[in-house]
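Pasted the sequence and its predicted model underneath.
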Amino acid sequence: MLSPAWQEVTNRLMSGNETETYLAQTLHMAAGVETYDTLARALLADKQILAWILRYTVAEFRDMSISDITACIGEDIVVGNTPIEPGLTNLGRVRETRTEDNVPGEGTIFFDIRFSAYPQKAGVKLLINMEAQKSSTLGDLHYHLENRIVFYLSRMISAQKNTEFWHSDYDSLKKVRSIWICMNRKKDGDSIEEIHLVRNTVFGRQGDPHTLDLVQGIIINIRIGENITVSSCALISMLEVLFSRRSVAEKKNILEKEYGIVMTMELEGRLNTMCNFSECIMEMALEQGLEQGELNCSRQSIFDLLEDLGDIPNDIHTRIQEEKNTQILRRWLKLAARSVSFDAFRESLNAALSNFN
């Protein structure tokens with residue numbers, strides 16, 4: 001069942017001019033508990049957007065064109081329902097929704113986006129996870145993001161047992177990449193960071209080194225806000241346009257002309273839905289803010305009048321503070337202006353409530 005707040009957003013979206021197809025898709029994704037994050041994942045899961053991200057973050061795709069990278073992305077893109085549990089993270093097994101090999105006492109966690117990619121020149125298969133993160137700071141998360149990335153990478157490796165390799169054939173392990181898009185950086189905080197394994201010889205001569213590129217975490221830090229300069233990194237500047245507060249028409253124009261992104265019906269629909277969702281949330285927040293401001297103003301006006309009678313008794317103060325009906329507070333304001341004592345005000349309150357009900 002949809003929450004009252006989400007039902008309000010739904011009603012407003014349905015009253016607009018968007019096609020029912022996109023609204024139905026969005027409401028299905030957002031059923032009950034999902035929010036802006038769901039729509040962000042839907043945008044990121046577009047193959048053109050994925051190709052842009054792969055080109056600037058994964059070495060195997062660095063020298064390829066966006067169109068060629070798009071062709072290398074598998075059809076097994078899964079959004080929002082890939083659990084991080086032993087035996088549950090392999091794409092093939094997810095389709096069967098099997099739940100064996102759970103860790104006792106450990107809850108199921110889900111990847112945002114999961115897919116396979118096949119670089120043409122390398123001739124290999126990569127397993128890729130992508131996450132959209134509103135914040136990356138310790139204060140907001142209450143943990144270090146790097147530790148979570150290592151955990152996700154580890155689960156992507158361990159999940160390959162008996163799916164990508166069998167017995168002790170560890171050289172058949174597929175490379176895994178976990179890419180995190182963090183959206184809370186300040187004006188000069190646009191950056192791309194890598195987390196990977198490093199082999200150091202602490203004693204003796206170094207042996208025959210093996211390339212340690214099996215696991216890699218990537219953090220893409222973008223800035224969301226007004227008056228930010230265009231990033232010198234094309235990927236970051238594209239993502240900042242994608243998630244900016246610009247209008248749909250402006251986003252489409254920039255993405256098509258400056259970044260060569262073909263505006264398919266599906267991608268355009270997702271942009272429209274996200275922008276409408278943002279506008280609805282902002283409109284609701286404004287209305288709620290105005291209503292809350294009126295409530296606070298009415299309460300304070302009552303308190304100011306009653307203070308002329310002396311220290312306001314706790315029961316009267318609590319009763320006024322907890323009242324959330326603006327019409328009732330307006331009546332109480334008139335009563336406070338006429339009352340000559342707190343007892344008289346109490347009696348008037350009770351009488352006014354009886355008449356109101």
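Structure's in. What do you need?

how about the strands in the chain?
Secondary structure of the chain, counting by DSSP state E: strands at 78-83, 110-117, 126-133, 175-182, 191-196, 215-221.

can you put the ones you listed in JSON lines and add distance to Arg330?
Just so you know, the C-beta spots here come from the backbone N, C-alpha and C atoms, and that holds for glycine as well. Output for those, formatted as JSON lines (distance: least, Cβ to Cβ, whole Å):
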{"stretch": "strand 78-83", "distance to Arg330": "46"}
{"stretch": "strand 110-117", "distance to Arg330": "47"}
{"stretch": "strand 126-133", "distance to Arg330": "45"}
{"stretch": "strand 175-182", "distance to Arg330": "46"}
{"stretch": "strand 191-196", "distance to Arg330": "53"}
{"stretch": "strand 215-221", "distance to Arg330": "49"}
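
nearest to Arg299, of these?
strand 126-133 (38.8 Å; Cβ to Cβ).

Just the mean pLDDT for the closest one, thanks.
Here strand 126-133 scores 91 as its mean pLDDT.

how far off strand 215-221 does that strand point, in degrees?
Angle, strand 126-133 to strand 215-221, by axes from the mean of the first three to the mean of the last three Cα atoms, to 10 degrees: 30 degrees.

quick one: strand 126-133 to strand 175-182, angle?
10 degrees.

what lines up beside strand 126-133 in the sheet?
In the sheet, strand 126-133 lines up against strand 110-117 (antiparallel), strand 175-182 (parallel) (DSSP bridges).

Most tightly packed of those strands?
strand 175-182 (a mean of 23; mean count of other Cβ atoms under 10 Å).

Alpha carbons of that strand, as CSV, please.
Presented in CSV, the C-alpha positions along strand 175-182 are these (Å, rounded to 0.1, in the frame of the first residue of the first chain):
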residue,chain,number,x,y,z
LYS,A,175,36.8,-9.5,-13.0
VAL,A,176,34.4,-7.5,-10.9
ARG,A,177,33.9,-3.7,-10.8
SER,A,178,31.9,-1.8,-8.3
ILE,A,179,31.2,1.8,-9.4
TRP,A,180,29.7,4.3,-7.0
ILE,A,181,28.2,7.6,-8.0
CYS,A,182,28.2,10.0,-5.0
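
Centre of the chain to that strand, how far?
15 Å (Cα atoms, centre = their mean, to the nearest Å).

What of stretch 149-156?
So, by Cα atoms, centre = their mean, the centroid of stretch 149-156 is 19 Å from its chain's centroid.

Let me see the mean pLDDT of that stretch.
Across stretch 149-156, pLDDT averages out at 92.

CA atoms of that stretch as PDB?
Provided in PDB are the C-alpha atoms of stretch 149-156 (Å, rounded to 0.1, in the frame of the first residue of the first chain):
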ATOM      1  CA  ILE A 149      32.700  -1.100  -1.500                       C
ATOM      2  CA  VAL A 150      35.200  -3.800  -0.400                       C
ATOM      3  CA  PHE A 151      32.300  -5.800   1.000                       C
ATOM      4  CA  TYR A 152      30.300  -5.600  -2.300                       C
ATOM      5  CA  LEU A 153      33.400  -6.600  -4.300                       C
ATOM      6  CA  SER A 154      34.000  -9.500  -2.000                       C
ATOM      7  CA  ARG A 155      30.500 -10.800  -2.400                       C
ATOM      8  CA  MET A 156      30.700 -10.400  -6.200                       C
END
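
Buried residues, that stretch. List them.
Using 16 or more other Cβ atoms under 10 Å as the test for burial, stretch 149-156 gives Ile149, Tyr152, Leu153, Arg155, Met156.

show me what contacts the residue nearest to the last one when sequence neighbours are not counted?
With Cβ to Cβ, 6 or more residues apart in numbering as the criterion, Met156 has its nearest non-adjacent residue at 4.1 Å, and that residue is Val176. Contact analysis of Val176 by Cβ atoms under 8 Å, 6 or more residues apart in numbering lists Leu126, Leu127, Ile128, Asn129, Leu153, Met156, Ile157, Leu214, Val215, Gln216.

Serialize the residues you listed to TSV and add fields for distance to Arg331.
Putting the contacts of Val176 into TSV (distance: Cβ to Cβ, whole Å) gives the following:
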residue	distance to Arg331
Leu126	67
Leu127	65
Ile128	62
Asn129	58
Leu153	62
Met156	62
Ile157	66
Leu214	71
Val215	66
Gln216	65
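
Nearest to Glu60 among the residues you listed?
For the contacts of Val176, the nearest to Glu60 is Leu126 (6.8 Å; Cβ to Cβ).

Tell me how many other residues surround the closest one.
Other residues within reach of Leu126 by the criterion other Cβ atoms under 10 Å amount to 21.

Wait, it touches Pro119, no?
Yes - under the criterion of Cβ atoms under 8 Å, Leu126 makes contact with Pro119 at 7.0 Å.

List the residues that are in contact with both of those two.
Listed as contacting both Leu126 and Pro119 by Cβ under 8 Å, 6+ apart are Glu60.

Walk me through the domains of the chain.
Following the assignment in automatic domain parsing, the chain carries domains at 47-200+210-263, 288-356.

circling back: between all of the contacts of Val176, which two are at the greatest distance?
Greatest spacing in those, by Cβ to Cβ: Asn129 and Leu214 (14.2 Å).

If I look at Ile113, what pLDDT would I see?
At Ile113, the model reports a pLDDT of 87.

wouldn't it be in contact with Leu44 here?
Yes - between Ile113 and Leu44 there is a contact at 6.1 Å, judged by Cβ under 8 Å.
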